[in-house]
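Trainee: Next comes the sequence, and after it the predicted model I'd like to discuss.
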Amino acid sequence: MATKALVLGGGGVTGVAWELGLLAGLAEAGIDLLTADLFVGTSAGSVVAAQITSGVPLAELYQRQLAGPGAEVSARIGARTLVAIGLAMLRTRDERAFRRRVGRMALAAPTMSEADRRAVLASRLPTDTWPQARLRVTAVDATTGEFAVFDRDAGVPLVDAIGASCAVPGVWPPVTIGGSRYIDGGVRSATNADLAAEADRIVVVAPVSAGGGPIARLAAQVAALRRTAAVAVVQPDRAARRAIGRNVLDPARRAPAARAGRAQAASVAASVAQVWDGG
């Protein structure tokens, strides 16, 4: 029997909303991506993966995105942070060296406290326990630049794994786990789709696909996956990009992004079903 993997990429609070809207729309079209044998979540995708494997109905998770901001805090990736990341990309092509540079910036940046940020992340999750489904959550060690993958066997609380994966450098505080500090898994790749290489059928949902230099490109990872697997990639269409807006960290854009994801599902249903169900 073919094994299936659902890869959910990063993209801020609007990425969470768009992904949930898309998944809800696909489910309405008869395509249930929650039957995956493996879930890979990076940053916003880690939140979505934890939510959809929690047992809470997908329709309910979608409806929550249409409500107000709740405990979410509005933020923006500032020009200074973007310049620092850009300079780090120019100064080295070595992946770990690049991630160490970004990690140093993240550790020095003034942010809200870890405790306050943890409370925000906890409010996003229906449960604080790891699901029975196979879930891999990505992060990066801010000091060593080492790529980290957390699962239910890692002995790490779910909310901390999710917090680490969502710790946008320069915006949110690095998360302390076992004496180390961790930052966003998107510093390595926007999707880390290569973690699904063991599967035969793979759907990659990617609100953001940016890469280059020391950050792995989605296109390259997908090309490698297609050597052994059927792969479908879904990214925001023009209407979804308008709904998401320029600031992916603005919780006021959640409802429009969620609705856009749900609407987009109709246009990608056939290509996704062909990979997922072999149609």
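Mentor: Cool, got the structure. Small disclaimer: the values here were computed from a predicted structure and weren't measured.
Trainee: Could I have the CA atoms of stretch 106-119 written out in CSV?
Mentor: What follows is stretch 106-119, C-alpha atoms only, in CSV (Å, rounded to 0.1, in the frame of the first residue of the first chain):
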residue,chain,number,x,y,z
ALA,A,106,17.7,36.2,16.9
LEU,A,107,19.3,35.7,20.3
ALA,A,108,20.3,39.4,20.5
ALA,A,109,17.0,40.8,19.3
PRO,A,110,14.5,42.5,21.7
THR,A,111,11.3,40.5,21.7
MET,A,112,8.4,39.6,24.0
SER,A,113,9.2,37.1,26.7
GLU,A,114,9.3,33.4,26.1
ALA,A,115,6.5,32.9,28.6
ASP,A,116,4.2,35.4,26.9
ARG,A,117,4.9,33.9,23.5
ARG,A,118,4.4,30.4,24.8
ALA,A,119,0.9,31.4,26.0
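Trainee: Centre of the chain to that stretch, how far?
Mentor: Computed by Cα atoms, centre = their mean, to the nearest Å, the chain-centroid distance of stretch 106-119 equals 19 Å.
Trainee: Can you tell me what sits against that stretch?
Mentor: Contact partners of stretch 106-119, identified using Cβ atoms under 8 Å, 6 or more residues apart in numbering, comprise 71, 73, 81, 142-143, 159-160, 163, 167, 169-176, 181, 183. Backbone N, C-alpha and C define where each C-beta goes, glycine included.
Trainee: ok, now stretch 143-161?
Mentor: For stretch 143-161, contacts defined as Cβ under 8 Å, 6+ apart pick out 46, 50, 95-100, 103, 107, 118, 121-122, 125, 127-131, 134-141, 164-165, 175-178, 180-182, 185, 188, 195.
Trainee: Restricted to helices, list the residues you listed.
Mentor: Members of those lying in helices (criterion: DSSP state H): 46, 50, 95-100, 103, 107, 118, 121-122, 164-165.
Trainee: Could you tell me which of these count as buried?
Mentor: Neighbour-count burial (16 or more other Cβ atoms under 10 Å) applied to those gives 46, 50, 95-96, 98-100, 103, 118, 121-122, 164-165.
Trainee: Let me know the pLDDT of the nearest residue to Val13 once chain neighbours are set aside.
Mentor: In this structure, Val13 finds its nearest non-sequential neighbour in Pro251, 5.0 Å apart by Cβ to Cβ, 6 or more residues apart in numbering. At Pro251, the model reports a pLDDT of 93.
Trainee: Ok, Ile177 next?
Mentor: pLDDT for Ile177: 98.
Trainee: same question, Gly70
Mentor: pLDDT at Gly70 comes out at 70.
Trainee: circling back to that earlier point, and which of the ones in helices among the contacts of stretch 143-161 is nearest Val7?
Mentor: Of all those, Val7 sits closest to Ser46, with 11.1 Å by Cβ to Cβ.
Trainee: Just give the closest residue to that closest one, not the sequence neighbours.
Mentor: Excluding the flanking residues, the one nearest Ser46 by Cβ to Cβ, 6+ apart is Ser165, at 4.0 Å.
Trainee: Walking through the stretch 151-279 of the chain, point out its helices one by one.
Mentor: Assigned by DSSP state H, counting those that start in this stretch, the helices in the stretch 151-279 of the chain fall at 158-165, 218-225, 238-244, 254-276.
Trainee: Need the winner for burial among those helices.
Mentor: Across those, the average number of neighbours (mean count of other Cβ atoms under 10 Å) peaks for helix 158-165, which reaches a mean of 26.
Trainee: Give me the mean pLDDT for it.
Mentor: Averaged across helix 158-165, the pLDDT comes to 98.
Trainee: Give me the most central residue, the chain.
Mentor: The centroid of the chain falls nearest to Gly45 when counting by Cα atoms, centre = their mean (2.5 Å).
Trainee: list the helices and strands the helix or strand of the chain with the lowest mean pLDDT packs on?
Mentor: Using mean pLDDT, DSSP states H and E, helix 79-91 stands out as the lowest-scoring helix or strand of the chain, at a mean of 81. Packing partners of helix 79-91 (3 or more Cβ pairs under 8 Å, 6 or more residues apart in numbering; DSSP states H and E): helix 95-108.
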